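Chemist: please find the sequence and the predicted model below.
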Amino acid sequence: MLDEQQKTLIQDTYRQISIQLIATGQRFYHHLFRLYPQVRPLFPDDISGQSMKLMQTIGFAVSHLNSPDILRPVVAALGARHSGYGVQPEHYPLVGEALLTTLEEILGSGFTPEVRGAWGALYGELVDAAISSAA
Ligand code: HEM
């Protein structure tokens, strides 16, 4: 469970990301494929239409931090679709690392240890919901 301070940190930093969502998405795929080239073949060759997808879901999660009853089934269905994309449970930490690397790049000095912890906790909850359905 995220505590109130973590929720506030996520909402405040997401505001900075949301004004440059496409760029953030592009940086995310850049980092993901640079750090973990082994996941590149899972994605289509042309990922130009891809860059918003993860970020949009993250935005949905940020706006439903206090509504887990709405968020969890949406992410569970997403996780089930991901099994169909060939995504394995062990891929989730790689995406999490690429996400945190992207946030660090975009937020700069605003990416404090507390901010990292809060985003890591949110991502962990998303993965929990995604994987539980895929099992
Ligand atoms: C909680 C973490 C994740 C979120 C929120 C997320 C979000 C999304 C969204 C919204 C889509 C669009 C299609 C759909 O809604 O079904 C998508 C597609 C996809 N994601 Fe994820 N994803 C996550 C984790 C991962 C992981 C760990 C991988 C594996 C490296 C991955 C690989 C893919 C692939 C291969 C597609 C389909 C690409 C295509 O064929 O167009 N995702 N993701």
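Modeler: Yep, it's here.

Chemist: assign Glu90 to helix, strand or coil.
Modeler: Under DSSP: H, G, I helix; E, B strand; the rest coil, Glu90 falls in the helix class.

Chemist: residues of this structure that sit close to the ligand?
Modeler: 39, 42-44, 53-54, 57, 78, 81-82, 85, 87, 91-92, 95, 126-127, 130 (Cβ under 6 Å from any ligand atom). C-beta: built from backbone N, CA, C; applies to glycine.

Chemist: now with 5 Å?
Modeler: 39, 42-44, 53-54, 57, 81, 85, 87, 91-92, 95, 126, 130 (Cβ under 5 Å from any ligand atom).

Chemist: what's the PyMOL line that selects buried ones from those?
Modeler: A single PyMOL command selects the buried members of the residues of the chain next to the ligand (16 or more other Cβ atoms under 10 Å):
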select buried, resi 39+54+57+87+91+92+95+126+130
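
Chemist: from the residues of the chain next to the ligand, which single one is nearest Gly25?
Modeler: The closest of the residues of the chain next to the ligand to Gly25 turns out to be Leu54 (Cβ to Cβ; 6.6 Å).

Chemist: the closest one contacts Gln26, correct?
Modeler: No: look at Leu54 against Gln26 with Cβ atoms under 8 Å: they stay out of range, at 11.2 Å.

Chemist: now for the helix or strand Leu94 falls within, which elements pack on it?
Modeler: Assigned by DSSP states H and E, Leu94 falls within helix 92-107. Packed against helix 92-107 by the contact rule (3 or more Cβ pairs under 8 Å, 6 or more residues apart in numbering; DSSP states H and E) you find helix 4-18, helix 21-35, helix 53-63, helix 113-134.

Chemist: could you dump those to a markdown table with distance to Arg72 and mean pLDDT?
Modeler: Converted to a markdown table, the helices and strands packed on helix 92-107 look like this (distance: least, Cβ to Cβ, whole Å; pLDDT from 0 to 100):
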| stretch | distance to Arg72 | mean pLDDT |
| --- | --- | --- |
| helix 4-18 | 16 | 97 |
| helix 21-35 | 23 | 94 |
| helix 53-63 | 10 | 92 |
| helix 113-134 | 5 | 93 |
